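J.: return a 3D structure for these sequence lines:
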Amino acid sequence: MNFINRNREIERIGHVLSNKESMLVVLYGRRRIGKTRIIQQIMKDEDIYFTADQRETPRQIASFAKTVAEKIIGFDSVIYPDWEVCLLALNERLTQRITLIIDEFPYLAKSSPDLASTLQKLYDNRSQLSFHLLLCGSSQQMMHKIAIESTSPLYGRANEIIKLTPLNIYWLREVLNCTGTEAVEEYCIWGGIPRYWELRAREKGMREAVVKHILDSKGILHEEPLRLFLDDSRDIVQMSTIIEAISSGAHRLSEIASRMGKPITHLNRPVQRLIDLGYIKREIPYGIPHRNAKKTLYKIADPFINFYFSYVVPEKTSLEMGLADRIYKEVVEPGFHAYCSGYWEELCRASVPMVFRDKLFKPGSRWWGTTIGKDQVEIDVVASSQDGTEVIVGEAKWTTSVNIHSLCNDLNNKCEAIPALHGKKIRKVLFLKSKPEFVPEGFHLFTPEDVVSASNW
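T.: Numbering: from 1, shown residues only. Below you'll find the model as predicted:
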């Protein structure tokens, strides 16, 4: 798979590394999100790239010296007692400014707790250095602790800190060369992780890729969430249990706590950690202050994690018995349409600022609550304009059999019955899987092609 997007990240890193003074760059993000591919794009022939591992410090230093010796002959002929001596020796031997790239930096920091302080000392005297330093890591929590938290020795020293986030669905369609509808279905499985896309693109179709890489007990992604959790937590059982509870329908903190048999107060920290890592998210109805915990629901934010806990975890025993094909046919296929509908709604809400170009709108939210007539109602998409003069109100349906008259009448009634919309200028919007024969006057229509194309930002 060719390198895609990430142009803004590469531009920012390149700008920093073009400086004549030694710069410190921090690049981090979850496993398989594309950090190494970015490094490959920015590396020059004279740069030094070292991947850390989990060995003891003396072996790490020796391995680093051997890597440097590929560019500086004889550098590994000396035994360096610590990282400070080793890095100062490198600095003295350099004849031009280079970039020193250390991948999986948390492994070094874990085996050498004083390394961050050593780097602090070096960069407090950066005018004496002959190299830029790029620290890269998959452990988001560790990278945050090492370089971003105010208590870290490196706090305030980095010239650029970039957290890589998943790519949007537009680029998935480009990689797979598929329709907007197909892109939505693929996104509901692979999310925005480039490595997953690469594995998918190697296979003939979606079914073959899911069975081979996810469902098959020997598949490369069959235990992927456990590896992700191990990067950032010692208690992967607790992380898995929280996500499993959400996946099985527990969306309030009280419900999650009840299923785990724990007090709510014991979950605040692990839940927040999962939010920070991008695996789950809080959902609050449109118009409700974010501090209102009573209305908060918790959803799985990452499509791949959601797919895994929806279809792999409940069927672990059958999958271990080699029944991957059967599970796909009898479990995944029958429920996949309903599974996709939730992420279709999310994609529609996220697309709102881009599908309307005449006025700037905020990203959409969901609304649920009680109408004037005391009925319980839900609206899929609600978004305010930045100037507060208009509100988008929409329904998102992932089905080809829509009764357009009924859907529009229902949306009209909701607009009349919801107090939060009274006195607002409303744009009524339909996000549909396929284009109907006609759309009633006064309604805007967007299809998967529109939503996916709007994601190119």
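
J.: please make it C-alpha for all contacts and neighbour counts, starting now.
T.: Noted.

J.: so which bits of the longest helix seen in the chain are buried?
T.: As assigned by DSSP state H, the longest helix anywhere in the chain is helix 333-355. Within helix 333-355, the residues that count as buried by 16 or more other CA atoms under 10 Å are 336, 339-341, 343-355.

J.: contact partners for the spatially most central residue of the chain?
T.: Computing the C-alpha centroid of the chain and ranking residues by CA atoms, centre = their mean puts Pro166 first, at 4.1 Å. Listed by CA atoms under 8 Å, 6 or more residues apart in numbering, the contact partners of Pro166 are Ile33, Gly191, Gly192, Ile193, Pro194.

J.: try 7 Å this time
T.: For Pro166, the contact set (CA atoms under 7 Å, 6 or more residues apart in numbering) comprises Ile33, Gly192, Ile193.

J.: count the neighbours of the first one for me.
T.: For Ile33, the count of nearby residues is 20 (other CA atoms under 10 Å).

J.: against Tyr49, how distant is Tyr343?
T.: Between Tyr343 and Tyr49 the distance is 38 Å, computed by CA to CA, to the nearest Å.

J.: before we move on, what about Arg55?
T.: 18 Å.

J.: neighbour-wise, which of the two wins?
T.: Neighbours were counted for Arg55 and for Tyr49 using other CA under 10 Å; Tyr49 has more, 18 against 14.

J.: so what's the closest residue to the more buried one other than its chain neighbours scoring on pLDDT?
T.: Excluding the flanking residues, the one nearest Tyr49 by CA to CA, 6 or more residues apart in numbering is Ile101, at 4.7 Å. With respect to pLDDT, Ile101 scores 98.

J.: for Ile101, list each beta-bridge partner.
T.: Tyr49, Leu134 (DSSP bridges).

J.: which of the helices or strands spans His144?
T.: For His144, the enclosing helix or strand under DSSP states H and E is helix 140-147.

J.: which strands and helices sit next to that helix?
T.: Using 3 or more CA pairs under 7 Å, 6 or more residues apart in numbering; DSSP states H and E as the contact criterion, no helix or strand is in contact with helix 140-147.

J.: what sits against Tyr328?
T.: Applying CA under 7 Å, 6+ apart, the residues contacting Tyr328 are Val211.

J.: how about the secondary structure of it?
T.: Under DSSP: H, G, I helix; E, B strand; the rest coil, the three-state class of Tyr328 is helix.

J.: per-domain residue ranges of the chain.
T.: As assigned by automatic domain parsing, the chain contains the domains 7-163, 170-344, 353-454.

J.: tell me the mean pLDDT for the last one?
T.: When you say that, I think you mean domain 353-454. On average, the pLDDT along domain 353-454 is 90.

J.: chain center to it: distance?
T.: Relative to its parent chain, domain 353-454 has a centroid offset of 26 Å by CA atoms, centre = their mean, to the nearest Å.

J.: can you check the second one too?
T.: In terms of CA atoms, centre = their mean, the gap separating the centre of domain 170-344 from the centre of its chain is 12 Å.

J.: pLDDT on that domain, on average?
T.: Averaged over domain 170-344, pLDDT sits at 94.

J.: for stretch 17-37, same thing?
T.: 94.

J.: span of that stretch from start to end?
T.: Terminal-residue distance, stretch 17-37 (CA to CA): 17 Å.

J.: residues in contact with it?
T.: 16, 126-127, 129-140, 143, 157-166, 193-195, 228.

J.: ok, now stretch 417-427?
T.: Thr371, Ile372, Thr389, Glu390, Val391, Ile392, Val393, Cys415.

J.: buried sites along it?
T.: Buried residues in stretch 417-427 (16+ other CA under 10 Å): Ala417, Ile418, Leu421, Ile426.

J.: please report phi then psi for the third one.
T.: Listed backbone geometry of Leu421 is phi -100, psi -10, with angles given as degrees, to the nearest 10.

J.: just to revisit the earlier point, pull the CA atoms of the helix holding His144 into PDB?
T.: Extracted in PDB, the C-alpha atoms of helix 140-147 (Å, rounded to 0.1, in the frame of the first residue of the first chain):
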ATOM      1  CA  GLN A 140       0.500   6.600  24.500                       C
ATOM      2  CA  GLN A 141       0.400   6.800  28.300                       C
ATOM      3  CA  MET A 142       4.100   6.400  28.700                       C
ATOM      4  CA  MET A 143       4.900   9.000  26.000                       C
ATOM      5  CA  HIS A 144       2.500  11.400  27.600                       C
ATOM      6  CA  LYS A 145       4.200  10.800  31.000                       C
ATOM      7  CA  ILE A 146       7.700  11.100  29.600                       C
ATOM      8  CA  ALA A 147       7.300  14.200  27.500                       C
END
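
J.: tell me the mean pLDDT for it?
T.: Helix 140-147 carries an average pLDDT of 86.

J.: can you name the residues in contact with the next helix or strand after it?
T.: Of the helices and strands lying after helix 140-147 in sequence (DSSP H and E), the nearest is strand 160-163. With CA under 7 Å, 6+ apart as the test, strand 160-163 has contacts from Leu24, Val25, Val26, Leu27, Tyr28, Gly29.
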